[in-house]
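[1] I would like to see how this sequence folds:
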Amino acid sequence: MLIKDSDLKNFPVLSLHMSGMIAKTTEAIIDPSDLKIIGFYLNGPEVGNGENGDILQVRDIREFSNLGMVIDSADEFVYADDVIKLKEVVDINFQLIDKKVETKKKTKLGKVIGYTVTPEDFMIQQIIVQRPFMKSFLDPELIIGRSEIVNVDDEKIIVKDEEKKIRERATKEDFVPNFVNPFREPQLSRADSQTLDEPDTQ
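    As a prediction, this is how the structure comes out:
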């Protein structure tokens, strides 16, 4: 299951100790060395102040469900200075959104407008790239898998294939850019509901 970055914002954090929500996520902290989310900045009445406040490390998430990210208690929250590895990544201040993307041959593909992750490990699996203006009429977006990425730096992301190959591979993967929230319970139409309720007369 893939989850889009926008669906991870304002996501509830639930405490087993408090038996309810104690915070919401504001922004993901991404390690550029392996394109993995290692934590989330938090906000809420009982925590810090958004980007400068408490942080939930993904390693402390006990369960990820449609209700929220389940942890033991607010004692799991940390500040960047509390964890050496976390502070190193926070100090980099890596921002994936709006990062330029180009091929090894320096063909400009566009800029990152979104990404998807797997909730099991919070690894970024795909980046969604908005095409340059002159190419956007016929091909507004590219979906690039993490296996195509060869380098990430402060300025750009380098991918190993030419855009035609990337587009062909993305099509084969059957990825739908118009993301459907996987947390939402499927809804039956009234007609379907009536069909299920009707006894089998055959």
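
[2] Tell me how the chain divides into domains.
    Structural domains assigned to the chain are 3-92, 100-172, following automatic domain parsing.

[3] Output these as JSON lines; include the columns mean pLDDT and mean neighbour count.
    The C-beta positions use only the backbone N, C-alpha and C, and glycine is treated the same way. Shown next, in JSON lines, are those (pLDDT from 0 to 100; neighbours: other CB atoms under 10 Å):
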{"stretch": "domain 3-92", "mean pLDDT": "89", "mean neighbour count": "16"}
{"stretch": "domain 100-172", "mean pLDDT": "84", "mean neighbour count": "16"}
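
[4] For the protein, which segments are assigned as helices?
    84-92, 163-172, 190-197 (DSSP state H).

[5] Please report how far Leu42 lies from Arg59.
    15 Å (CB to CB, to the nearest Å).

[6] should've said Leu109
    According to CB to CB, Leu109 and Arg59 sit 33 Å apart.

[7] unless I'm mixing things up, Phe40 is touching Ile55, no?
    Yes: with contact defined as CB atoms under 8 Å, Phe40 reaches Ile55; the gap is 6.9 Å.

[8] what residues are shared contacts of these two?
    Taking CB atoms under 8 Å, 6 or more residues apart in numbering as the criterion, Phe40 and Ile55 both touch Ile29.

[9] Can you name the residues bridging to the nearest residue to Pro132 once chain neighbours are set aside?
    Spatial nearest neighbour of Pro132, chain neighbours left out: Gly110 (5.6 Å); criterion: CB to CB, 6 or more residues apart in numbering. According to DSSP bridges, the residues that bridge with Gly110 are Val101.

[10] tell me the contacts of Gly110?
    So Gly110 contacts 100-101, 129-132, 135, 142 (CB under 8 Å, 6+ apart).

[11] Equivalent analysis for Lys85, please.
    Lys85 touches Ile38, counting by CB under 8 Å, 6+ apart.

[12] Tell me how far it lies from Leu35.
    16 Å.

[13] what do you get for Val47?
    27 Å.

[14] and if you look at Val70?
    For Val70, the distance to Leu35 - CB to CB - is 25 Å.

[15] just Ile143 next, same as before
    Relative to Leu35, and taking CB to CB, Ile143 is found at 15 Å.
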